[in-house]
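A.B. asks: no sequence for this one, just the structure:
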């Protein structure tokens with residue numbers, strides 16, 4: 001190699017990395033106090049369960065990009081589907097037009113939900129918006145039926161449904177990150193999940209007192225995710241369904257986290273044997289490749305909007321609704337659930353998470369260890385410095401992002417046993433290093 005060629009290559013490398021310093025001064029990062037946070041990692045590639053950094057390091061990803069990359073990164077089947085669709089048509093507005101990928105996906109989603117009666121699919125581009133659409137469906141259902149006073153939503157302490165205004169209003173108002181917006185948000189009815197006799201009695205009392213004002217109940221079935229990875233059993237969901245029927249309320253399942261195998265079954269509603277009136281899906285819908293979400297309602301909901309009166313239509317329409325690339329990715333992701341043993345892989349991950357995390361119970365700072373499906377949680381008494389704890393994991397070659405008082409793992413379903421062992425080893429080591437409480 002000549003000297004000039006070598007110098008040009010070095011200059012090219014310097015130019016390639018300049019995007020980080022030049023762009024970082026203009027970016028606003030999520031969930032971060034920008035003044036205090038460590039500089040974000042510069043990522044240049046991803047594959048399987050690995051994140052490749054600009055400095056050449058590779059991290060094993062323990063959270064699958066907020067639980068989305070269920071098949072691992074860069075799965076060739078999804079990539080090929082998106083490439084084909086890109087060459088044909090990347091996007092077309094969904095107002096007055098449809099396309100094959102969206103209609104095929106809608107039909108397939110209804111089919112994999114089983115005989116639930118959930119058969120009308122409204123697409124959007126994020127989980128929060130899917131929740132907003134579900135809430136609007138529920139409220140307008142009653143407006144269209146001549147009961148406009150039924151506009152309040154029952155939600156649960158410890159819950160999280162997103163960061164848009166309506167979604168924030170049905171998330172935990174005390175322990176969530178949204179306390180600054182209390183004055184902005186509509187006042188919904190937030191109660192404890194009916195997990196025992198006392199909480200069930202309190203829940204019943206709220207319904208009895210406010211039934212004529214309530215449109216719907218919304219819940220994250222089996223796992224309250226971003227609110228702290230709190231688990232509850234299927235009996236809770238049966239209690240909610242019975243209460244909704246008793247008071248003629250609608251029931252919404254927010255399966256944005258739990259959907260597509262994360263808890264051990266394809267959907268939490270299937271594990272529980274409980275059918276809601278509306279379900280929201282996103283996250284793993286496209287296998288972690290493109291933004292897409294779905295709000296799926298039953299025929300009873302849809303019929304309340306079917307009218308000769310234009311005012312009874314659902315007036316919502318995201319610009320990138322049913323984006324063709326996203327729908328192509330989602331169809332390819334569903335192919336993988338059909339062709340590859342994803343639920344068997346989740347069962348294997350569940351067993352390995354239990355084996356790998358259970359020893360954490362012996363550490364003084366640990367309050368609880370729990371596993372459901374491909375979710376592993378080590379709950380601490382507290383975390384004083386989240387930023388510092390996150391850096392400790394990076395130093396051990398893994399990407400784990402603790403929040404609140406928990407360290408959790410939600411890996412890709414395709415992760416190898418060796419990779420998963422490195423993750424659980426890192427969790428045990430970092431937790432063991434914490435000073436006594």
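C.D. replies: Received the coordinates, thanks. Computed from a predicted model, the values in this text were never measured in an experiment.
A.B. asks: CA only for contacts and neighbour counts going forward, please
C.D. replies: Fine.
A.B. asks: okay, now residue 133: neighbour count?
C.D. replies: 25 (other CA atoms under 10 Å).
A.B. asks: which residue, other than its chain neighbours, is closest to it?
C.D. replies: residue 295 (6.9 Å; CA to CA, 6 or more residues apart in numbering).
A.B. asks: so the one you found: helix, strand or coil?
C.D. replies: Three-state assignment for residue 295 (DSSP: H, G, I helix; E, B strand; the rest coil): strand.
A.B. asks: that one: neighbouring residues, count only.
C.D. replies: 28.
A.B. asks: please apply the same query to residue 364.
C.D. replies: Residue 364 has 15 neighbours, counted by other CA under 10 Å.
A.B. asks: let me see the domain layout of the chain.
C.D. replies: As assigned by automatic domain parsing, the chain contains the domains 8-71+341-433, 76-339.
A.B. asks: quick one, grab the pLDDT at the closest residue to residue 220 other than its chain neighbours.
C.D. replies: Using CA to CA, 6+ apart and skipping residues adjacent in sequence, the residue nearest residue 220 is residue 254, 4.8 Å away. We have a pLDDT of 98 for residue 254.
A.B. asks: repeat for the one 3 residues further on
C.D. replies: The predicted structure scores residue 257 at 97 on the pLDDT scale.
A.B. asks: rewinding a little: looking at the domains of the chain, which is buried most?
C.D. replies: Burial among these, expressed as mean neighbours by mean count of other CA atoms under 10 Å, is greatest for domain 76-339, which shows a mean of 19.
A.B. asks: distance between the ends of that one?
C.D. replies: The straight-line separation of the ends of domain 76-339 (CA to CA, to the nearest Å) is 14 Å.
A.B. asks: returning to what we had before: hmm, the residue nearest to residue 133 is touching residue 129, no?
C.D. replies: No - the criterion here is CA atoms under 8 Å, and residue 295 misses it with residue 129 at 9.0 Å.
A.B. asks: low-confidence ranges in the protein?
C.D. replies: Applying pLDDT under 70 to the chain flags the ranges 1-15, 175-176.
A.B. asks: which stretches in it count as helices?
C.D. replies: Applying DSSP state H to the chain gives helices spanning 3-24, 64-67, 76-88, 100-112, 127-144, 165-169, 197-210, 234-246, 268-272, 299-303, 324-339, 342-357, 386-395, 417-433.
A.B. asks: would you convert the ones you listed into CSV that also reports distance to residue 262?
C.D. replies: Formatted as CSV, these follow (distance: least, CA to CA, whole Å):
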stretch, distance to residue 262
helix 3-24, 33
helix 64-67, 8
helix 76-88, 19
helix 100-112, 15
helix 127-144, 16
helix 165-169, 22
helix 197-210, 27
helix 234-246, 15
helix 268-272, 9
helix 299-303, 27
helix 324-339, 12
helix 342-357, 7
helix 386-395, 23
helix 417-433, 16
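A.B. asks: so which of those gets nearest residue 315?
C.D. replies: helix 127-144 (9.0 Å; CA to CA).
A.B. asks: so how far is that closest one off the chain centroid?
C.D. replies: With CA atoms, centre = their mean, to the nearest Å as the basis, helix 127-144 stands 18 Å off its chain's centre.
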